[in-house]
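>>> Curious how this folds, go ahead:
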Amino acid sequence: MKYTENSEARLRNEINELGHILGSVLKEQEGNEIFDKVEKLRSLTKSLRSEQNNQSIEKIKEIIETLTLEQAHKIVRAFSIYFILINAADEVHQLRQQRYHRLHTKKIQKGSLRELEKSLSNIDAEKFEEILNKVEIIPVFTAHPTEATRQTILKKIQNLSRLLIRRDEVELDQLEKEKISQLIKTEVTLLWQTSEIRFQKVTIEDEIQRGLFFLKNLYQVIPEIQFMINQSFTRAFGKNISTPPLLKFGTWMGGDRDGHPYVTAETSKNTLTNMKGEIINLYVQDLEELYQSLSSSEIIVKADKNLLLANEKNIKVSESRHVAKEPSELYRKKLRLIHKKLSASKHKEPDAYSDIKEFVDDLLRIDKSLRKNNGTLIADNLIQPLIYKASIFGFHLAQMDIRQNAKIIESALEDIFSTTKVELDFISINEERKIELLTKEILNARPLINSNIELNENTIKILDEVELIRWGKENISSNATSDFIISNCAKVSDVLSLLLLAKERGVIKVKKSKITKSHINILP
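Numbers count the residues shown, from 1 in each chain. I've put the predicted structure just below:
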């Protein structure tokens, strides 16, 4: 379907079409009675938007008062699905608008990449590259377990949006249009037949799975975003600009325990482990697709002889009988070795990558060899996207922030100090004395606690939370954890209290009254 300036009319037509499809589904699934009640309520509420009148309000009340509980539930669901359809149409409309402006107008949209290009016209290219290397944008997924929408519903909304977009990609004949309409109706029918409500308590795991849904979708679109940014910079400066990955992602899901009593150290470890497994699975999927594509043969085009490293020669790769083992396809041989090392990295098995840099370096070797041997286009479009993904998501997917309340941290110090007889009433002493005491104990290499000291359960829990920073770095990735957020932080002693707990659990190292190593970044 062609783009036109009359896009608002197009949006209205699409919303009307989706409304008719929902109405048809309601009739088929629930009969005319529910459909008629929904239509009456929709018509009355629509009239109220244009003009407030008591007669319409009374009619609405009359209909609602006659509903059984089952009917009321169905009507609420009908309106809920209607709003889902409207939102999907509106989001597609926004994409359609942006594309129309790019294709057919000279007017620059506010916030667009074209506006960015224009703003860069008077900036020195070298200075800009220097600035780019210092930029890091980190969207963080905060923790809201009560908003954990089922992934099933999210996927159906995504499917609906894709079907609406598909109608814009090419000009369709009548049969193709009817087919897409049938597929849309199928998704609406499935939405009606799918329970959007969980009949069990929403858990931290549900919330985490919801976050993974969005992160995995972001993984797929990152190369496209990076490509558009690169192209904009190239047009702005008239030459290729070396653009590092600007985005990284953070998460509080599985790490925020302020007001989340069910988030334990074990929950956080499981979340970090799951995120590592998910990102490696995504890399493996990309590698398998890359293997199918990267069939360049040394018989036809050269490849770098140093592509295979000396330490890879002894790695045994189990060859599937379905995998072609053409010896001249050196890139495929390298990809099989990378696949082996990635799979081993999930559980730190032999032949595993020690860190993400080793994985990226392997990809860069392929990239370099292709560019030296008439394969620049292949490198740009097949290897660079995966390099960007690996540079952004690492082996951790998203960096987990640990978050706890200052009062709980202070209570843990009170327990430690009173148990070790260092200070029997830590909470009550003045701030100046707290700072003096905490500073002295932080810079003392001798630990306060040992395995023979009995602390209360909450104190042990806080110590385990602090230790997560070190655990994540040692067991998942150097970028898996770093930030510990102190909520309701109001005093210097709040920060020093956390720093002392970090020393007690080996998250910071002290030698000769100096902090010599630290795994933690404290955010008040």
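
>>> Going by residue numbers, what spans are strands in the stretch 101-250 of the chain?
Taking DSSP state E, counting those that start in this stretch to define them, one finds strands in the stretch 101-250 of the chain at 140-141, 250-251.

>>> The nearest residue to Lys473 once chain neighbours are set aside - how many residues pack around it?
Spatially, and ignoring its direct neighbours in sequence, Lys473 is nearest to His519 (5.6 Å; Cβ to Cβ, 6 or more residues apart in numbering). All C-beta atoms are positioned from the backbone trio N, CA, C, and that covers glycine. The number of residues packed near His519 is 22, by other Cβ atoms under 10 Å.

>>> can you check Leu26 too?
Going by other Cβ under 10 Å, the residues that sit close to Leu26 add up to 25.

>>> how much space between it and Leu44?
For Leu26, the distance to Leu44 (Cβ to Cβ, to the nearest Å) stands at 17 Å.

>>> Equivalent analysis for Gln226, please.
50 Å.

>>> These two - which one has more neighbours?
Taking other Cβ under 10 Å, Gln226 and Leu44 do not tie; Gln226 has more neighbours (22 against 17).

>>> check contacts around the nearest residue to that one once chain neighbours are set aside.
Distances taken as Cβ to Cβ, 6+ apart put Tyr388 closest to Gln226, at 5.0 Å, once the chain neighbours are dropped. Listed by Cβ atoms under 8 Å, 6 or more residues apart in numbering, the contact set of Tyr388 reads Ile222, Pro223, Gln226, Pro245.

>>> Verify the stated contact: the last one with Gly394.
Think Pro245. No. Between Pro245 and Gly394 there is no contact under Cβ atoms under 8 Å: 10.5 Å.

>>> Compare these two (neighbour count), which wins?
Using other Cβ under 10 Å as the criterion, Pro245 and Gly394 rank with Gly394 on top: 25 against 17.

>>> and the closest residue to that one other than its chain neighbours, how many neighbours?
Nearest residue to Gly394, sequence neighbours excluded (Cβ to Cβ, 6+ apart): Ile356, at 4.3 Å. Using other Cβ under 10 Å, Ile356 is surrounded by 20 other residues.

>>> Tally up the residues packed near Val317, please.
Val317: 14 neighbours (other Cβ under 10 Å).

>>> Isn't the residue nearest to Lys473 up against Val507?
Yes. In this structure His519 lies within contact range of Val507 using Cβ under 8 Å: 5.0 Å.

>>> Quickly list what's touching both of these two.
With Cβ under 8 Å, 6+ apart as the test, His519 and Val507 both reach Ile469, Arg470.

>>> rewinding a little: most tightly packed of the strands of the stretch 101-250 of the chain?
strand 250-251 (a mean of 21; mean count of other Cβ atoms under 10 Å).

>>> Which SSE is immediately downstream of that strand?
helix 265-293 (DSSP states H and E).

>>> Check which residues of that following helix are buried.
265, 267-269, 271-276, 278-280, 282-283, 286-287, 290-291 (16 or more other Cβ atoms under 10 Å).

>>> Could you give the average pLDDT over it?
Helix 265-293 comes out with an average pLDDT of 96.

>>> tell me which strands and helices it is in contact with?
When contacts are defined as 3 or more Cβ pairs under 8 Å, 6 or more residues apart in numbering; DSSP states H and E, helix 265-293 packs onto helix 204-237, helix 330-345, helix 384-393, strand 399-405, helix 457-475.

>>> what's the angle from that helix to helix 384-393?
Helix 265-293 runs at 170 degrees relative to helix 384-393, counting by axes from the mean of the first three to the mean of the last three Cα atoms, to 10 degrees.

>>> one step back: in the contacts of Tyr388, find the pair that's most separated.
Farthest apart among these by Cβ to Cβ are Pro223 and Pro245. That separation is 10.3 Å.

>>> Residue nearest the middle of the protein, spatially speaking?
Leu215 (2.6 Å; Cα atoms, centre = their mean).

>>> these two touch, right, it and Ala398?
Yes. Leu215 is within contact range of Ala398, at 5.9 Å (criterion: Cβ under 8 Å).

>>> Need the overlap of contacts for those two.
With Cβ under 8 Å, 6+ apart as the test, Leu215 and Ala398 both reach Phe141, Phe249, Thr251, Met275.

>>> in the sheet, who's paired with the third one?
Beta bridges link Thr251 to Phe141, Met400 when assigned by DSSP bridges.

>>> Just list the residues touching Leu190, thanks.
Lys156.

>>> Look up how far Leu183 lies from it.
From Leu190 over to Leu183 (counting by Cβ to Cβ), the distance is 11 Å.

>>> if I look at the residue lying closest to Ala379 once chain neighbours are set aside, how far off is Glu8?
In space, and not counting its chain neighbours, Ala379 is closest to Leu370: 4.2 Å by Cβ to Cβ, 6+ apart. Applying Cβ to Cβ, the value for Leu370 to Glu8 is 47 Å.

>>> of the two, who's got more company?
Legend: neighbour count by other Cβ under 10 Å for Leu370 and Glu8, higher for Leu370 (24 against 10).

>>> name the element that one belongs to?
Per DSSP H and E: helix 356-372 holds Leu370.

>>> How far off centre is the next helix or strand after that helix?
Once the chain leaves helix 356-372, the next helix or strand it forms, by DSSP H and E, is helix 376-378. Chain-centre distance of helix 376-378: 29 Å, with Cα atoms, centre = their mean, to the nearest Å.

>>> and stretch 367-385, average pLDDT?
In the prediction, stretch 367-385 has an average pLDDT of 95.

>>> Name the residues of that stretch that are buried.
Asp367, Ser369, Leu370, Arg371, Asn373, Gly375, Ile378, Ala379, Leu382, Ile383, Gln384, Pro385.

>>> How about stretch 31-40?
By neighbour count on 16+ other Cβ under 10 Å, the buried set for stretch 31-40 is Ile34, Phe35, Lys37, Val38.

>>> just stretch 400-419 next, same as before
Buried residues in stretch 400-419 (16+ other Cβ under 10 Å): 400-406, 408-417, 419.

>>> What of stretch 56-72?
For stretch 56-72, by 16+ other Cβ under 10 Å, it's Ser56, Lys59, Ile60, Ile63, Leu67, Gln71.

>>> Report the distance from it to the chain centre.
42 Å.

>>> end-to-end on it?
19 Å (Cα to Cα, to the nearest Å).

>>> what comes into contact with that stretch?
For stretch 56-72, using Cβ under 8 Å, 6+ apart, the contacting residues are Ile34, Lys37, Lys40, Leu41, Leu44, Thr45, Ser47, Leu48, Ile75.

>>> Make a markdown table from these and add secondary structure to it.
A markdown table is the format used below for the contacts of stretch 56-72 (DSSP: H, G, I helix; E, B strand; the rest coil):
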| residue | secondary structure |
| --- | --- |
| Ile34 | helix |
| Lys37 | helix |
| Lys40 | helix |
| Leu41 | helix |
| Leu44 | helix |
| Thr45 | helix |
| Ser47 | helix |
| Leu48 | helix |
| Ile75 | helix |
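
>>> Closest one to Gly211 out of the residues you listed, please.
Nearest member of the contacts of stretch 56-72 to Gly211, counting by Cβ to Cβ, is Ile75, at 31.9 Å.

>>> Local confidence estimate at the closest one?
Per-residue pLDDT puts Ile75 at 94.

>>> related to what we said a few turns ago, ranking the strands of the stretch 101-250 of the chain by mean pLDDT, which is last?
Averaging pLDDT over each of the strands of the stretch 101-250 of the chain puts strand 140-141 lowest, since it has a mean of 92.

>>> Right, I'll leave it there.
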